[in-house]
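Novice: predicted model, plus sequence, below.
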There are 2 protein chains.
Amino acid sequence: MTRRLDPTLYLVTDTVLCAPRSVPEVVAAAVAGGVTAVQVRDKTASRRDLLALTRAVQQTLADRPGVAVVVDDALDVALLAGADGVHVGQSDLPVAEVRALAPQLHLGLSVGTPAELAAARDLPPGTVDLLGLGPVWATPTKPDAAAALGLDALAELVRGAGGTTTVAIGGIHADRAADVAATGVDGICVVSDICAAGDPRAAAEQLRAELR
Amino acid sequence: MTRRLDPTLYLVTDTVLCAPRSVPEVVAAAVAGGVTAVQVRDKTASRRDLLALTRAVQQTLADRPGVAVVVDDALDVALLAGADGVHVGQSDLPVAEVRALAPQLHLGLSVGTPAELAAARDLPPGTVDLLGLGPVWATPTKPDAAAALGLDALAELVRGAGGTTTVAIGGIHADRAADVAATGVDGICVVSDICAAGDPRAAAEQLRAELR
């Protein structure tokens, strides 16, 4: 595994928003529409169920080796599934320890403030592969998230990232995607705009069009 | 790591029952009273908090290398903490996969029915180091547990274990400990009888006395 991930349009799954469709079903449509990476996130699933869900997503993407599959938080699930990466938040497992245990995984870290960015930049080089910056706007899919950044604070975090790949997350819909891209981020993360869409493929296509 | 664990009196921690005392405080007293192994269990803690809790317990037992520290369910936490073992239930990570990823860990598996025991015995030799048999009696500390076995069904599972180390769990208090031991189990697991005790050391001493 090469720790490669195309961050352009990064889908974070939400099992409830995908229902009654299965997560793999929505993922397949979204990737057909232009999603470039997928993070499997389900904070309420047991480890066993999250492992099964991750494998189902991997199976769905078996013919799309360019689309990385990342597991949210659950390092053990990422290792057992042989996922491409793991993404941790500020209250998940400590990022430096995750890196030490899993040198082969693409490792993302959520950052929501200048202080968190400074701490991330103080980590040894190569610890973090991607910084998830957000929430840009308030979002119902992550009620425990920090205060919304807005575009100006987002742009400041992007400038401070020092060349580490960045993605923006939180309340990003197609009509805002171009504004977010203009901050200089390498990609955008989307949850509800795809997972809750009647046509996830069309939603992804529209997002990709806005990003061009 | 040698995958050794003395199952005689195996404490499973419950953070809420230990309160207002800290878990490490209760563990220290319980080990002074004769507890031989400790499983850190907190299904509601984040991985980050469970890692910190596990390390605090390890720190408390730094001068007691004979007392194994096992983590419930969270394989990643067990690996990061360098714990002695991990314990999985029937709905946690698949036991054969845990073994494949962590050959060095003492690996326990919960078993509550003859069918689950048969499945455990079908695993490759060396997969499971310890079978947790239960619940012997209904218990409020694990409301999602299967139906209570009672002593006769417990004895049957012990006979069917084929030499794998067994411990009994679920509703075991000092006044029942000798009856449980008479089934032939190698040890007993205790949660509330120690965690909720006014004097955890005395509670452990009483349990050890009943087991003699």
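Specialist: Alright, I've got the coordinates.
Novice: near chain B, which residues of chain A?
Specialist: A:46-48, A:51, A:73-77, A:79-80, A:91-94, A:97-98, A:101 (CB under 8 Å from any CB of the partner chain). In this view, the C-beta of every residue, glycine as well, is placed from N, C-alpha and C.
Novice: and those residues, which are buried?
Specialist: The neighbour count (16 or more other CB atoms under 10 Å in any protein chain shown) marks A:47-48, A:51, A:73-77, A:79-80, A:92-93, A:97-98 as buried among the residues of chain A next to chain B.
Novice: farthest pair in those?
Specialist: A:Arg48 and A:Glu97 (23.2 Å; CB to CB).
Novice: so A:Leu11: helix, strand or coil?
Specialist: State at A:Leu11, reduced to three classes by DSSP: H, G, I helix; E, B strand; the rest coil: strand.
Novice: now it. Nearest residue, chain neighbours left out?
Specialist: In this structure, A:Leu11 finds its nearest non-sequential neighbour in A:Val35, 4.5 Å apart by CB to CB, 6 or more residues apart in numbering or on different chains.
Novice: what's the burial count for the one you found?
Specialist: Here the number of neighbours of A:Val35 (other CB atoms under 10 Å in any protein chain shown) works out to 29.
Novice: tell me the secondary structure for it?
Specialist: Strictly by three-state DSSP, A:Val35 counts as coil.
Novice: wait, isn't it in contact with A:Ala197?
Specialist: No - with contact defined as CB atoms under 8 Å, A:Val35 and A:Ala197 do not form a contacting pair (11.7 Å).
Novice: quick check, pLDDT for the residue nearest to A:Leu11.
Specialist: pLDDT, A:Val35: 98.
Novice: could you do A:Thr2 as well?
Specialist: For A:Thr2, pLDDT reads 50.
Novice: for the host helix or strand of A:Glu205, packing partners?
Specialist: Using DSSP states H and E, A:Glu205 maps to helix A:200-211. In terms of contacts (3 or more CB pairs under 8 Å, 6 or more residues apart in numbering or on different chains; DSSP states H and E), helix A:200-211 is packed against strand A:9-12, helix A:23-32, helix A:174-181, strand A:187-190, helix A:192-195.
Novice: and of the ones you listed, who's closest to B:Pro65?
Specialist: Using CB to CB, the nearest of the helices and strands packed on helix A:200-211 to B:Pro65 is strand A:9-12, at 43.1 Å.
Novice: strands paired with the closest one, and their directions?
Specialist: Strand A:9-12 has these partner strands in its sheet, going by DSSP bridges: strand A:37-40 (parallel), strand A:187-190 (parallel).
Novice: and for that strand, what are the contacting residues?
Specialist: Contact with strand A:9-12 is made by A:27, A:30-31, A:34-39, A:41, A:72, A:167, A:169, A:187-191, A:194-195, A:204, A:207-208, A:211, as judged by CB atoms under 8 Å, 6 or more residues apart in numbering or on different chains.
Novice: buried residues in it?
Specialist: A:9-12.
Novice: export these to TSV and tack on pLDDT?
Specialist: TSV is the format used below for the buried residues of strand A:9-12 (pLDDT from 0 to 100):
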residue	pLDDT
A:Leu9	98
A:Tyr10	98
A:Leu11	98
A:Val12	98
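Novice: go through those residues and name the one nearest chain B.
Specialist: A:Val12 (18.1 Å; CB to the nearest CB).
Novice: specify the beta-bridge partners of that closest one.
Specialist: A:Gln39.
Novice: A:Thr165 now?
Specialist: In beta-bridge terms (that is, DSSP bridges), A:Thr165 pairs with A:Leu130.
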